[in-house]
Each structure stands twice: as structure tokens, then as C-alpha cells.
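[1] Sharing a sequence plus its predicted fold:
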Amino acid sequence: MNFFRGLFKDFPAPAQLVFLLMFVVVGSVAGTLLAFVLAAGFNPASIQEFSQSLTTNAALAREAQFISQLFTFVIPPLVCAWIFSENAADYLALRRPKNFGAIAWAALSVLFMLPVLNFAYELNMQLQLPESLKFIENKIQAMEEAANRAIDLILNTDSMAVFAVNVFIVAVFAAFGEELLFRGALQTIFGKMIGNHHAVIWIVAAIFSAIHLQFYGFLPRLLLGAWLGYLLFYTRSLWVPIIAHFFNNFAAIAQNQYFKDDAAALDRLNSIGTSDTWWLSAASAALFIFAAQKIVKKS
């Protein structure tokens, strides 16, 4: 295995990008096939049944989600870091933060962002495509509704053991994997191609948001992705955005669990910072700026 370490370290950044995207596509297909084989064996006739089960069988959906994350977000950047560098951890910025106080402020910063992200989501919801493209908008809405149903299927549980599994898959593992790919690998590669770090961060954030295929959540996810990128830029440690990403995901899982039997209360919580409570967005923005300044000073 050591033979492959740094084997392609002299590859130019565009070639590294092509290889990374190729590994992501291959990994995504391989992950889907593996999830199918584990669930249905080697029976091609079960493909339709397997697809339907993903919308009704929560345990199967969790298993497929974990395998998809592993093969799409975790393995490809690790492989690329291994062959493009003699120090994979350094390539992905998996180094210890210089100041652990920055971790606490990073976690607080994403929590302070939540009302702002709610406000951004409300703005995003008001965007409409031209009438000539209404069929595309309807398709987008159908895809997002299906995605939301899949998320609800995974998260909806009365078991604390299953809740713990959800925390691991949706908060811990998802945060680790997505940050490995987007901030660890993509931000590194684009950084070699583009001299302006602001451009790099926002380009990667746009890709991060777009790959989730949720048009009406594009703007808030763009803002979150950009901040995670800046966290890496200022702290030089991928562990900081990983932890911040975890707290963002965990907040969503926890509130969904706590209000699982009260949809109205959950809707009110997700509306904090919008409409009549817009002032909470302004207050949270001020708190976020305060936390961001602390992070910059400690870095």
C-alpha cells in the first residue's frame, strides 16, 4: 500500500480534480450497488422492490445512507489524499487545531447562525422560475418533497438507541465525510488552481450546496458551506469545520426528536428569525460576528 503513497503527487491540480470527481462517481455507484446486494442479494429482479423499500423501511434507509456516505464522501478524498501527497493527513488539513478555544467558538457560531439560515431559507422559498420553466420547478419541488420524506423516515423514532444511531450517521459521520470531501479535498485542490481564497471558499460552498439537490435550501446551505470554508482557512484544521458541521446537524436531529409529535411547534422553531421575528436574525447575526472575531483572533 505504501507504494501508492504520493504516487501522483506531481499531478497538476486540474488532473487531481478530475481524479477526485471520478472517484466520487465510481464510489457513489459502488455504494449503491453494495447497499442493494446487502439488502436483496444478487437478484436483479429485486431492484424495484429495493427502491421502494428505501421509502418505507427506516432501517434499510439508514444502512443505505451510511454506505452512500462512506463510498461517496469518505473513501474518495482519502484515496486522493493518499496518492496525491506523501502526507495524506496534511493534504486534508487533518491536523490538531492550534487553539482549542476556536473549536468552542466555531460550535457556537453555527448555532448563532440558525435564525439567519432560517431567514435565508425563507428568501430562497420566494424564488420562482419563469412560467416557461414551471415544469422544472414542479420537478424540483417533487424531488425536495421526496428527500424530506426520506429524512423524516430516517429520523422518526421513539427509540433512544435508534436516535443514537441517527446521531452517528446524520451528524457525526455525515459531518466528517462531507468535510473531508468539500473542505478537505475540494478546497485544497481549488486552492492550488485559484489564488483568491474567497473565490475558492464560495465556489466550494456552491458545489456543496448544489450537490444536495435541494433548490429551496440552496441559499442557507451556501452560507453554511462558506462559513465552514472560512473556518478551515482561519484555523488551518479540518477538525474545526467538522465539529461545527456536527453541531449544525445535531441541532436539526435533536429538535426533530424533541418535537416529533408536535409538528406545529417544530415549524415555529424553524421559523425563528423570519417574518415577525426577523429581529432575531439581526441579533443572531451580531452574535455570529462576535464569535467569528473570536475565532480569527485565536487562530
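    Ah, there it is. Numbers count the residues shown, from 1 in each chain.
[2] Select the helix or strand of the chain having the lowest average pLDDT value.
    Ranking every helix and strand in the chain by mean pLDDT, DSSP states H and E puts helix 47-53 at the bottom, with a mean of 73.
[3] which other helices and strands contact whichever helix in the chain runs longest?
    Longest helix in the chain, counting residues (DSSP state H): helix 13-40. With contacts taken as 3 or more CB pairs under 8 Å, 6 or more residues apart in numbering; DSSP states H and E, helix 13-40 sits against helix 47-53, helix 58-69, helix 75-84, helix 187-193. Placement of C-beta: from N, CA and C, glycine included.
[4] Contacts only, for the nearest residue to Ala15 once chain neighbours are set aside.
    Nearest residue to Ala15 in three dimensions, chain neighbours excluded: Phe8, at 7.8 Å (CB to CB, 6 or more residues apart in numbering). Applying CB atoms under 8 Å, 6 or more residues apart in numbering, we find Phe8 in contact with Ala15, Gln16, Phe19, Ile83, Phe84.
[5] how about 10 Å then?
    Ala15, Gln16, Phe19, Cys80, Trp82, Ile83, Phe84, Ser85 (CB atoms under 10 Å, 6 or more residues apart in numbering).
[6] repeat for Arg62
    Leu153, Ile154, Leu155, Thr157, Val162, Val165, Asn166, Phe168, Ile169, Val170.
[7] Just to check, Gly184 is in contact with Ala81?
    Yes: look at Gly184 against Ala81 with CB atoms under 10 Å: they come within range, at 7.4 Å.
[8] The two - which one has more neighbours?
    Neighbour tally, Gly184 and Ala81, criterion other CB atoms under 10 Å: the higher count belongs to Gly184, 28 against 25.
[9] Quick check: the more buried one vs Leu54, distance?
    According to CB to CB, to the nearest Å, Gly184 and Leu54 sit 28 Å apart.
[10] before we move on, what about Pro130?
    As judged by CB to CB, Pro130 and Leu54 stand 33 Å apart.
[11] Check Ala265 too.
    Ala265 sits 29 Å away from Leu54 when distances are taken as CB to CB.
[12] which SSE is Val162 in?
    helix 160-166 (DSSP states H and E).
[13] Packing partners of that helix?
    Contacts defined by 3 or more CB pairs under 10 Å, 6 or more residues apart in numbering; DSSP states H and E place helix 160-166 against helix 58-69, helix 134-155, helix 239-258.
[14] Quick check: buried residues in it?
    Going by neighbour count (16 or more other CB atoms under 10 Å), the buried part of helix 160-166 is Val162, Phe163, Val165, Asn166.
[15] Which two among those residues are spaced furthest apart?
    Spatial extent of the buried residues of helix 160-166 (CB to CB) is set by the pair Phe163 and Val165 at 7.2 Å.
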